[in-house]
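Asks: Have a look at this prediction, sequence included:
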Amino acid sequence: MNSSDVSLDIGAKVSKVEYTELTDVALHGTEDSVSTEQNDKLMSTYCRKVDRRILLYATILCILNQSDRGSIGVAKVVGLENDLGMVNNDFNIATTLFTVGYLSLEFFSNFVLKWVGASRLLPTLGILWGVVCALQGVITTKGQLYAMRVLLGMSECGFTAGILLILSFFYPKHKLTTRVGLFYLSSPLANVISGPLASALSQIHHPTIKRWQWVFILEGVITVCVSILGYFILQDHPEKCKFLNPEEREFIQKYKQREGTLGGSQKLAARDVFKVLGDWQVWVMMGATFAACEACGSVSVFAPELINELGFTAAQAQAMSALPSACGAIAMVFIGRFVRMCGSHWLAGTSALATALVGSVMMISTLNVPVRIIGLCLTGAGGFAGLGIFPGWNITANSQSVAASAVASGLTVFFGASSGFVLSNVFINSDAPRFAIGHSVNIGIMALGITSCVVTRVSMGRRNRKMRESRFDGEKAFQFEY
């Protein structure tokens, strides 16, 4: 295992003894047949291959996904509302309708992915939402914008949950949370890149195409071009992965069978799905994810408006909207080290949400520009740090079966997207510039997320003790990682 893996690994706490045993048995069926160094080398080679193909491409496409979704915030600042005759809360309705479209099909997306295959479904979704994003640049009425936002949500649903599911197919437990965190790093990076990029695009002057239209059109075209490459890059699962050699395919297949997380070629049984859905602990875990996504959404969609209301010009607001996301990206890079320092996911997640809570308190308490900018940065840092913890924790803690992984990844995205319902209706124009309602709601949701972390920690501790007490001597039982 190379040094970068060690420095970033915040997943399941697999001991060196257990890791060596798993790799030895996976390769040759005995614990003494191969050295630890050889096992590490083979695992490292395998992970590097998957990182360079699956993870890298997924991260790039997710950056475009987040950029296309949040481009409406930039478009608003450069004249979208005025040109379409939008008044009062019309903009909030548009952002809410995206969430309606997104959630309409989200729950069933992983079942479709298992049937169709990730290598075909995910690039197709990218092409669809890229086309819809570009079409937003040719609308002339707010009714057309509403329709486009619903279609954009429907075309995007299934992408994030699908990526999370195939990552659980390819990576072993002790690598999974790291890679999920790296994948979610694309969210703040998208804001860092799209803010200045959209600012530059919005400066294009054309006699018939307005500035906000350029933002939608060019970002959509870029997404379509990148999505086409996915047909040649993405793979359905490691058992039939074309860029792995036979030894690597056999190694990871036996490893994950021994680990109990081989889900790529397994079928989803309805009975197992309903069993997982009936587990209250799974639902409680999602409260923390909801809170983190609420904080991130505040930064992603409404940061340009919040900054613009502080007295900055539209161009300055677009460029400065990258600052809170940059703080979030830095927090996500170092969150693995912080988790190890805390010794647990739940405590690190609680600290992240508490940081976002403090940021919201600062923004509601004063209209002082420097203080509010710092508060916005704290909200971004805490929210994105939580996004680097909770999705990976959700999937790692529920990786005992393909049904559990599919439900956990689906619910993670479902609850994350659901935060858009709240977000779209609490930051309203009539509440500017303080936005007291929005920040007050955020404070309450952060407190709810912290409570979710504590309850989950207590529940997992109790369940682990019961499973240890009920197993037979020498028998290995699944343990929740908190």
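Replies: That came in fine, so what should we check first?
Asks: C-alpha only now, for contacts and for neighbours.
Replies: OK.
Asks: all helices for the stretch 251-400 of the chain, in order.
Replies: Counting by DSSP state H, counting those that start in this stretch, the stretch 251-400 of the chain has helices at residues 270-277, 280-300, 303-308, 314-320, 322-342, 345-365, 369-387, 390-396.
Asks: Show me the one of these that comes nearest Val112.
Replies: Each of the helices of the stretch 251-400 of the chain was scored for nearness to Val112 using CA to CA, and the closest is helix 270-277 (13.5 Å).
Asks: quick one: average pLDDT of the closest one?
Replies: The average pLDDT within helix 270-277 is 77.
Asks: Show the secondary-structure elements that that helix is packed against.
Replies: On a contact count with 3 or more CA pairs under 8 Å, 6 or more residues apart in numbering; DSSP states H and E, helix 270-277 meets helix 402-426.
Asks: Please name whichever of the helices of the stretch 251-400 of the chain is nearest to Leu103.
Replies: When those are compared by CA to CA, helix 280-300 sits nearest Leu103, at 13.9 Å.
Asks: can you give me how far that closest one is from the chain middle?
Replies: 11 Å (CA atoms, centre = their mean, to the nearest Å).
Asks: Stretch 227-245 now?
Replies: For stretch 227-245, the distance to the chain centre is 21 Å (CA atoms, centre = their mean).
Asks: Tell me the buried residues in it?
Replies: Within stretch 227-245, the residues scored as buried using 16 or more other CA atoms under 10 Å are 227, 230, 234-239, 241.
Asks: and what of stretch 340-347?
Replies: Using 16+ other CA under 10 Å as the test for burial, stretch 340-347 gives 340, 344-347.
Asks: Count the residues that sit near Tyr173.
Replies: No Tyr there; residue 173 is Lys. Neighbourhood size, Lys173 [other CA atoms under 10 Å]: 24.
Asks: Sorry, wrong one. I was asking about Leu189.
Replies: Neighbours of Leu189 under the rule other CA under 10 Å: 24.
Asks: again, but for Met363
Replies: 23.
Asks: how about it, what does it touch?
Replies: By CA atoms under 8 Å, 6 or more residues apart in numbering, the residues touching Met363 are 371-373, 375-376, 434, 439.
Asks: so how far is Leu357 from it?
Replies: Using CA to CA, to the nearest Å, one obtains 10 Å as the distance from Met363 to Leu357.
Asks: got any ranges where this protein has weak pLDDT?
Replies: For the chain, residues meeting the criterion pLDDT under 70 lie at 1-35, 194-195, 197-199, 201-202, 259-270, 300-319, 399-401, 471-479.
Asks: what would the helices of the stretch 251-400 of the chain look like in CSV with distance to Val454?
Replies: Output for the helices of the stretch 251-400 of the chain, formatted as CSV (distance: least, CA to CA, whole Å):
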stretch, distance to Val454
helix 270-277, 21
helix 280-300, 10
helix 303-308, 30
helix 314-320, 35
helix 322-342, 14
helix 345-365, 7
helix 369-387, 14
helix 390-396, 13
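Asks: nearest to Ala447, of the ones you listed?
Replies: Nearest of the helices of the stretch 251-400 of the chain to Ala447, taken as CA to CA: helix 345-365 at 7.5 Å.
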